[in-house]
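Engineer: Structure for the following, please:
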Amino acid sequence: MSGVSSLFTEEFYSVIKNHINEDGLFVQWIQVYELDRVLLLSVLKALSSQFEHLKIYAPNHVDLVIIASNDSIIGLPDKSIFQAETLRKELDLIGITNINDLYIRFLGDKKLYGSYFDSGKNVVNSDFYPILDHQSPRTRYMKMQADDLYNPPQYYLPVMQMYYPWLDHLEKNKVLHTRFMRNEHHMLKAQEIARYMAGDLSQINDKSVQFQADLLLKASKECSPRPDEALWVESIFSIMTKSLPFLQAVENKLLFNLIKPNCPGKISQVQSYWLDLFLSLATRNSSQVIQSGSILIDSDLSLSAPQERYIHTAVMLGLLVNEEYDIALDYWNNYKSVLLQNSESLSITMTILLAMVEANAADVPLSLISK
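Structural biologist: Now for the predicted structure:
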């Protein structure tokens, strides 16, 4: 990147925005290989500082395509592009055969990432402070990859679907699976779990996941004796976190109904709390996520550190989807010591959510992550 780093500076983008037509679009490729998070964010902050609207796509697992505009909100691709034979043939070469293959590559826009990009913690790449030019030889030598935006969140939550509900209406059966898609492995695993639990598949490749699925299926049908609660919680936590972000809402609801014990009056309080949380996430009900997650946190149930972080992140997600920024700030202040104590660093999901709080809540301290 060092040889062409002047094409990724704040000053370059300032020149570009003044030379595109009204309602024109600026489209740029950005690599994520041989970069670290700091360098990638320096470029994205430079872009965000000059353009009101951004949309981010992942054509493969090592590149980004950014579409930028100042005059109007950038729409989604239209399926009519596949009627242009020359373009259709070119797209076919990289595994994009229909509009769903394009939509599945959507990573987000400034609605989700704007505060994260613009955060004061990030350095902006500039002709006067050329961090990209100076630092990219190091990241290239170390073979680093800034793939935060590609990887599923550390604590698997349907972040994208809750911010962009139209993603739940993709025709995923028409998506051409390709090794170039970063999250293909997770999508296929989620579909494998759903098919197995519905009885459409004889086995799951991961035997530990199959054991958990079998335990949940058995517990849903046999009301007596009750399963070991700790093992049941571990199993539903594993199965649902592997499925929620990678299945559509209707698929998650079907999976949830297969897991929920069909034992009226015999579901334990522990089971009820966890079922309420996962149902609210499966149906993308942000208000219910806040309520059910808060009940779990306030209960006297024994929670593992990953479970506790997951619930806290889910509640923060619900609050921010509802744009309840001041309440989210209060929630973070109440629980940040627990979250920071049990992990060396915050998940990328929580980092993005906190950036929204910093940008929108009143009376925000200088640093939200100080203990």
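
Engineer: Can you show me the strands along the protein?
Structural biologist: Counting by DSSP state E, residue ranges of the strands within the chain are 26-31, 53-57, 63-69, 106-109.

Engineer: Outline the domain layout of the protein.
Structural biologist: Annotated domains of the chain cover 2-141, 159-360 [automatic domain parsing].

Engineer: Between these, which one is closest to residue 147.
Structural biologist: Closest to residue 147 of these, according to C-beta to C-beta: domain 2-141, at 5.6 Å. C-beta: built from backbone N, CA, C; applies to glycine.

Engineer: and the residue lying closest to residue 70 once chain neighbours are set aside, how many neighbours does it have?
Structural biologist: Leaving aside its sequence neighbours, residue 70 sits nearest to residue 52 (C-beta to C-beta, 6 or more residues apart in numbering; 5.0 Å). Each residue near residue 52 was counted by other C-beta atoms under 10 Å, and the total is 15.

Engineer: and of the strands of the chain, who's closest to residue 142?
Structural biologist: Closest approach to residue 142 among the strands of the chain (C-beta to C-beta): strand 26-31, 14.9 Å.

Engineer: What strands flank the closest one, and is each parallel or antiparallel?
Structural biologist: According to DSSP bridges, strand 26-31 forms sheet pairs with strand 63-69 (antiparallel).

Engineer: Give the buried residues for the strand it pairs with.
Structural biologist: 64-69 (16 or more other C-beta atoms under 10 Å).

Engineer: Could you dump those residues into a markdown table with distance to residue 265 and pLDDT added?
Structural biologist: Output for these, formatted as a markdown table (distance: C-beta to C-beta, whole Å; pLDDT from 0 to 100):
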| residue | distance to residue 265 | pLDDT |
| --- | --- | --- |
| 64 | 52 | 93 |
| 65 | 54 | 95 |
| 66 | 54 | 96 |
| 67 | 54 | 97 |
| 68 | 57 | 96 |
| 69 | 56 | 95 |
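
Engineer: Identify, from the residues you listed, the entry nearest to residue 101.
Structural biologist: residue 65 (13.8 Å).

Engineer: Please report the distance of residue 290 from residue 350.
Structural biologist: 16 Å (C-beta to C-beta, to the nearest Å).

Engineer: still on that earlier bit, how about the domains of the chain in a markdown table, adding distance to residue 147?
Structural biologist: Formatted as a markdown table, these follow (distance: least, C-beta to C-beta, whole Å):
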| stretch | distance to residue 147 |
| --- | --- |
| domain 2-141 | 6 |
| domain 159-360 | 7 |
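
Engineer: Tell me which of these sits nearest to residue 149.
Structural biologist: domain 2-141 (5.3 Å).

Engineer: That closest one: how far from the chain's middle?
Structural biologist: Taking C-alpha atoms, centre = their mean, to the nearest Å, one finds the center of domain 2-141 at 18 Å from the center of the full chain.

Engineer: likewise stretch 208-220?
Structural biologist: That offset, for stretch 208-220, works out to 26 Å (C-alpha atoms, centre = their mean).

Engineer: Flag every buried residue along it.
Structural biologist: 209-210, 212-213, 215-216, 219-220.

Engineer: Next: stretch 34-47.
Structural biologist: Neighbour counts over stretch 34-47 (16+ other C-beta under 10 Å) mark 34-37, 39-47 as buried.

Engineer: how about those in CSV, adding pLDDT and distance to residue 111?
Structural biologist: Output for these, formatted as CSV (pLDDT from 0 to 100; distance: C-beta to C-beta, whole Å):
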residue, pLDDT, distance to residue 111
34, 92, 29
35, 92, 24
36, 92, 25
37, 91, 21
39, 94, 24
40, 94, 19
41, 94, 17
42, 95, 21
43, 95, 19
44, 95, 14
45, 96, 16
46, 96, 19
47, 96, 15
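
Engineer: Just the closest of those to residue 128, please.
Structural biologist: Of these, the one sitting nearest to residue 128 (C-beta to C-beta) turns out to be residue 46, at 11.7 Å.

Engineer: can you pull the contacts of the closest one?
Structural biologist: 8-10, 12-13, 124-126 (C-beta atoms under 8 Å, 6 or more residues apart in numbering).

Engineer: Just give the nearest non-adjacent residue to it, would you?
Structural biologist: Once flanking residues are discounted, residue 46 sits nearest to residue 10: 4.2 Å by C-beta to C-beta, 6+ apart.

Engineer: now residue 327
Structural biologist: Per C-beta to C-beta, 6+ apart, closest to residue 327 is residue 319, 5.6 Å.

Engineer: Could you tell me how many residues sit around that neighbour?
Structural biologist: There are 27 residues near residue 319, going by other C-beta under 10 Å.

Engineer: Same check on the one 5 residues further on?
Structural biologist: Residue 324 sits with 18 neighbouring residues when counted by other C-beta under 10 Å.

Engineer: how near is residue 260 to residue 107?
Structural biologist: From residue 260 to residue 107 the distance is 33 Å (C-beta to C-beta).

Engineer: ok so, going back, for residue 345, which of the strands of the chain is the nearest?
Structural biologist: Ranking those by proximity to residue 345 (C-beta to C-beta) places strand 106-109 first, at 21.1 Å.

Engineer: If you count contacts, what does that closest one end up packed against?
Structural biologist: Packing partners of strand 106-109 (3 or more C-beta pairs under 8 Å, 6 or more residues apart in numbering; DSSP states H and E): strand 53-57.

Engineer: quick one: residue 24 from residue 47, how far?
Structural biologist: For residue 24, the distance to residue 47 equals 15 Å [C-beta to C-beta].
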